[in-house]
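J.: Could you look at this predicted model? Sequence included:
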Amino acid sequence: MPQYVSARYSEQPRYLRKTLREVAHRIEELAVQLTEDEARERIPEDDWSVVEIAGYLRDSEREDLAAVNAMIARDGARIQERRAQYGPSEGDYQRQHLDEFMWDFATIREEMLWVLHDADGLWHRTGEHPFRGTVTLTEWVREINERDLDVMWRIGRIVERIRARDR
(Lines give C-alpha, C1' and ligand atoms only; values in the text may rest on other atoms or scores of the structure.)
Protein backbone atom coordinates (compact mmCIF):
# COMPACT_ATOMS: atom_id res chain seq x y z
CA MET A 1 0.00 0.00 0.00
CA PRO A 2 1.34 3.46 -0.82
CA GLN A 3 2.47 5.61 2.08
CA TYR A 4 0.47 8.76 2.72
CA VAL A 5 1.72 11.62 4.83
CA SER A 6 -0.35 14.37 6.38
CA ALA A 7 -0.40 17.55 4.34
CA ARG A 8 0.21 19.65 7.43
CA TYR A 9 3.83 20.11 6.48
CA SER A 10 3.03 21.94 3.29
CA GLU A 11 1.48 25.33 2.72
CA GLN A 12 1.21 24.76 -1.01
CA PRO A 13 -2.42 24.79 -2.21
CA ARG A 14 -1.53 22.54 -5.13
CA TYR A 15 -0.09 19.91 -2.79
CA LEU A 16 -3.07 20.13 -0.44
CA ARG A 17 -5.51 19.65 -3.34
CA LYS A 18 -3.44 16.70 -4.61
CA THR A 19 -3.55 14.97 -1.23
CA LEU A 20 -7.30 15.53 -0.94
CA ARG A 21 -7.80 13.90 -4.34
CA GLU A 22 -5.45 10.95 -3.84
CA VAL A 23 -6.48 9.98 -0.32
CA ALA A 24 -10.17 10.21 -1.28
CA HIS A 25 -9.54 7.80 -4.16
CA ARG A 26 -7.74 5.41 -1.82
CA ILE A 27 -10.66 5.50 0.63
CA GLU A 28 -13.02 4.62 -2.21
CA GLU A 29 -10.76 1.76 -3.36
CA LEU A 30 -10.73 0.28 0.14
CA ALA A 31 -14.47 0.64 0.74
CA VAL A 32 -15.55 -1.00 -2.50
CA GLN A 33 -13.74 -4.20 -1.52
CA LEU A 34 -16.50 -4.97 0.96
CA THR A 35 -19.97 -6.35 0.50
CA GLU A 36 -22.85 -4.45 2.11
CA ASP A 37 -22.98 -7.03 4.93
CA GLU A 38 -19.23 -6.76 5.54
CA ALA A 39 -19.49 -2.97 5.51
CA ARG A 40 -22.00 -3.16 8.38
CA GLU A 41 -19.81 -5.35 10.59
CA ARG A 42 -18.07 -3.91 13.60
CA ILE A 43 -14.71 -5.42 14.34
CA PRO A 44 -13.59 -5.52 17.99
CA GLU A 45 -10.84 -2.94 17.41
CA ASP A 46 -13.20 -0.28 16.06
CA ASP A 47 -16.39 1.32 17.39
CA TRP A 48 -17.82 2.03 13.93
CA SER A 49 -18.54 -0.12 10.91
CA VAL A 50 -17.30 0.94 7.46
CA VAL A 51 -20.81 2.08 6.56
CA GLU A 52 -20.85 4.31 9.66
CA ILE A 53 -17.40 5.67 8.85
CA ALA A 54 -18.56 6.41 5.29
CA GLY A 55 -21.67 8.19 6.58
CA TYR A 56 -19.53 10.27 8.91
CA LEU A 57 -17.15 11.03 6.04
CA ARG A 58 -19.96 12.17 3.74
CA ASP A 59 -21.53 14.37 6.41
CA SER A 60 -18.14 15.83 7.34
CA GLU A 61 -17.43 16.63 3.72
CA ARG A 62 -20.76 18.48 3.41
CA GLU A 63 -19.95 20.57 6.48
CA ASP A 64 -16.41 21.24 5.31
CA LEU A 65 -17.57 22.34 1.85
CA ALA A 66 -19.95 24.84 3.46
CA ALA A 67 -17.12 26.21 5.64
CA VAL A 68 -14.69 26.42 2.72
CA ASN A 69 -17.28 28.19 0.56
CA ALA A 70 -17.97 30.67 3.37
CA MET A 71 -14.29 31.48 3.89
CA ILE A 72 -13.70 31.95 0.18
CA ALA A 73 -16.79 34.13 -0.22
CA ARG A 74 -15.90 36.44 2.67
CA ASP A 75 -12.79 36.75 4.79
CA GLY A 76 -13.76 36.33 8.45
CA ALA A 77 -17.02 34.53 7.64
CA ARG A 78 -18.82 32.72 10.43
CA ILE A 79 -18.37 28.97 10.11
CA GLN A 80 -20.32 26.30 11.92
CA GLU A 81 -19.19 23.72 14.44
CA ARG A 82 -18.49 20.34 12.90
CA ARG A 83 -21.51 18.23 13.91
CA ALA A 84 -20.45 15.14 11.95
CA GLN A 85 -17.70 14.52 14.51
CA TYR A 86 -20.38 12.92 16.68
CA GLY A 87 -20.71 10.18 14.07
CA PRO A 88 -23.26 7.41 14.22
CA SER A 89 -24.98 8.84 17.27
CA GLU A 90 -26.22 11.70 15.05
CA GLY A 91 -27.49 9.60 12.14
CA ASP A 92 -28.86 6.16 11.37
CA TYR A 93 -26.01 5.16 9.08
CA GLN A 94 -26.23 1.38 9.53
CA ARG A 95 -29.49 1.17 7.55
CA GLN A 96 -28.10 3.01 4.55
CA HIS A 97 -25.98 1.77 1.66
CA LEU A 98 -22.21 2.10 1.54
CA ASP A 99 -22.18 2.81 -2.18
CA GLU A 100 -24.55 5.77 -1.70
CA PHE A 101 -22.34 7.24 1.01
CA MET A 102 -19.25 6.79 -1.12
CA TRP A 103 -20.94 8.27 -4.23
CA ASP A 104 -22.11 11.30 -2.23
CA PHE A 105 -18.66 11.75 -0.69
CA ALA A 106 -16.93 11.50 -4.07
CA THR A 107 -19.33 14.01 -5.60
CA ILE A 108 -18.92 16.50 -2.76
CA ARG A 109 -15.13 16.02 -2.79
CA GLU A 110 -14.99 16.76 -6.50
CA GLU A 111 -16.91 19.98 -5.88
CA MET A 112 -14.52 20.80 -3.01
CA LEU A 113 -11.52 20.32 -5.29
CA TRP A 114 -12.96 22.66 -7.93
CA VAL A 115 -13.78 25.29 -5.31
CA LEU A 116 -10.24 25.07 -3.93
CA HIS A 117 -8.75 25.17 -7.42
CA ASP A 118 -10.61 28.39 -8.13
CA ALA A 119 -9.54 29.83 -4.74
CA ASP A 120 -5.90 30.43 -5.66
CA GLY A 121 -4.74 33.55 -3.86
CA LEU A 122 -7.44 33.19 -1.17
CA TRP A 123 -5.86 30.52 1.03
CA HIS A 124 -5.04 33.13 3.67
CA ARG A 125 -8.76 33.82 4.16
CA THR A 126 -10.23 32.99 7.54
CA GLY A 127 -13.41 31.83 9.14
CA GLU A 128 -14.69 32.52 12.65
CA HIS A 129 -15.45 29.27 14.41
CA PRO A 130 -17.78 29.43 17.46
CA PHE A 131 -15.27 27.69 19.77
CA ARG A 132 -11.88 27.87 18.09
CA GLY A 133 -11.96 31.47 16.95
CA THR A 134 -10.12 32.39 13.77
CA VAL A 135 -9.18 29.52 11.45
CA THR A 136 -7.47 29.95 8.07
CA LEU A 137 -8.60 28.17 4.94
CA THR A 138 -5.20 26.44 4.83
CA GLU A 139 -5.64 25.13 8.39
CA TRP A 140 -9.15 23.91 7.61
CA VAL A 141 -8.02 22.05 4.49
CA ARG A 142 -5.13 20.44 6.40
CA GLU A 143 -7.65 19.20 8.98
CA ILE A 144 -9.74 17.69 6.18
CA ASN A 145 -6.64 15.84 5.00
CA GLU A 146 -5.90 14.55 8.50
CA ARG A 147 -9.49 13.33 8.85
CA ASP A 148 -9.19 11.58 5.49
CA LEU A 149 -5.99 9.84 6.55
CA ASP A 150 -7.66 8.64 9.76
CA VAL A 151 -10.64 7.33 7.79
CA MET A 152 -8.37 5.61 5.27
CA TRP A 153 -6.42 3.93 8.06
CA ARG A 154 -9.58 2.81 9.88
CA ILE A 155 -11.26 1.40 6.77
CA GLY A 156 -8.02 -0.29 5.71
CA ARG A 157 -7.71 -1.96 9.11
CA ILE A 158 -11.29 -3.21 8.95
CA VAL A 159 -10.83 -4.56 5.42
CA GLU A 160 -7.64 -6.37 6.48
CA ARG A 161 -9.36 -7.95 9.51
CA ILE A 162 -12.33 -9.12 7.47
CA ARG A 163 -10.10 -10.52 4.70
CA ALA A 164 -7.86 -12.28 7.24
CA ARG A 165 -10.92 -13.84 8.86
CA ASP A 166 -12.31 -15.04 5.53
CA ARG A 167 -9.10 -16.88 4.55
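T.: Cool, got the structure. Note that this is a predicted model, so its numbers are computed, not measured. Residues are numbered from 1 along each chain as shown.

J.: any idea of the mean pLDDT in whichever helix in the chain runs longest?
T.: Ranked by number of residues, the top helix in the chain under DSSP state H is helix 137-166. Averaged over helix 137-166, pLDDT sits at 93.

J.: who does it touch, helix- and strand-wise?
T.: Applying 3 or more CB pairs under 8 Å, 6 or more residues apart in numbering; DSSP states H and E, one finds that helix 137-166 contacts helix 13-31, helix 50-73, strand 126-129. No exception for glycine: its C-beta is placed from N, CA and C like everyone else's.

J.: For these, state which one has the densest average packing.
T.: For those, the largest average neighbour count (mean count of other CB atoms under 10 Å) is found in helix 50-73, namely a mean of 22.

J.: Give me the next element, helix or strand, following it.
T.: strand 77-78 (DSSP states H and E).

J.: Next secondary structure element downstream of that following strand?
T.: That would be, after strand 77-78 and using DSSP H and E, helix 98-118.

J.: For that next one, give the mean pLDDT please.
T.: On average, helix 98-118 scores 96.

J.: so how far is that helix from its chain's centroid?
T.: 10 Å (CA atoms, centre = their mean, to the nearest Å).
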